[in-house]
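> What would the 3D arrangement of this be:
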Amino acid sequence: MSGVADPRLVLRDEELDAGLELMMLAEAAVWAGVDAGLEAEGLSLGRSHWRAAFLLKRRPGIGVQELAHITSLSKQAASRVISDLEGHGLAEKAQGDLDGRRRAATLTAAGAAFEARISERLRGQLARAYRTGGLDGVGAARRILAALAGGRTKTGAGR
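Next comes the predicted model:
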């Protein structure tokens, strides 16, 4: 992925504001899907719990500090979210290999099933949106989202 911007691309404030509005509306639609899934689970867990479960699936063994960084939660909130998941039998923590103080978290089988049930709803939403954007739109959308995510993406996530 090239980091050089096309100098021909000049966007007016009106176009950028329209993009921001669409991002906010898309975010609301995604969270509505998450909220419906969480309600169906009946565990009294919130959006941060699903986000943590999703990221634990994608990045097994992340610790509290990394979870806090990529989600913009405080370390205390990230720790509480992982503890809540652990309390419901959805995650477990183990001592880190290199640093005994670091507590790496992973999903349990129940946690993986919880994450999958909610994510399935969102994959459907995203698949419909990608189909609307067409073949060229999928790669472009991923590059734009990866650029917006900045340093929070894994290597290759925007490709």
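
> When you work out contacts or count neighbours from here on, use the C-alpha atoms and nothing else.
Will do.

> Glu86 touches Ala94, doesn't it?
No. Assessed by C-alpha atoms under 8 Å, Glu86 is found out of contact with Ala94, at 11.4 Å.

> the more surrounded of these two?
Using other C-alpha atoms under 10 Å, the more surrounded residue of Glu86 and Ala94 is Glu86, with 18 against 14.

> mind listing what the closest residue to that one other than its chain neighbours touches?
With sequence-adjacent residues excluded and distances taken as C-alpha to C-alpha, 6 or more residues apart in numbering, Glu86 is closest to Glu92, at 5.5 Å. Going by C-alpha atoms under 8 Å, 6 or more residues apart in numbering, Glu92 touches Leu85, Glu86, Ala105, Thr106, Leu107, Thr108.

> For the nearest residue to the fifth one once chain neighbours are set aside, list the residues it contacts.
For Leu107, the nearest residue in space outside its immediate sequence neighbours is Ala91; the separation is 4.2 Å by C-alpha to C-alpha, 6+ apart. With contact taken as C-alpha under 8 Å, 6+ apart, Ala91 is in contact with Ala53, Ile82, Leu85, Ala105, Thr106, Leu107, Thr108, Gly111.

> and with 10 Å instead?
52-53, 56, 82-85, 105-112 (C-alpha atoms under 10 Å, 6 or more residues apart in numbering).

> Leu22 and Arg121, how far apart?
For Leu22, the distance to Arg121 equals 20 Å [C-alpha to C-alpha, to the nearest Å].

> which one of these two has more residues nearby?
Per other C-alpha under 10 Å, whichever of Leu22 and Arg121 has more neighbours is Arg121, with 15 against 12.

> Please report how far Ala53 lies from Ala91.
To Ala91, Ala53 is 8 Å away according to C-alpha to C-alpha.

> which residues do these two both contact?
Joint contacts of Ala53 and Ala91 (C-alpha under 10 Å, 6+ apart) are Ile82, Leu85, Ala105, Thr106, Leu107, Thr108, Gly111, Ala112.

> Mind checking which of those residues are buried?
Buried members of the shared contacts of Ala53 and Ala91, scored by 16 or more other C-alpha atoms under 10 Å, are Ile82, Leu85, Ala105, Thr106, Leu107, Thr108, Gly111, Ala112.

> and the fourth one, what are its phi and psi?
Phi and psi for Thr106, reported as degrees, to the nearest 10, are phi -140, psi 160.

> same thing with the fifth one?
Its backbone dihedrals place Leu107 at phi -80, psi 150, with angles given as degrees, to the nearest 10.
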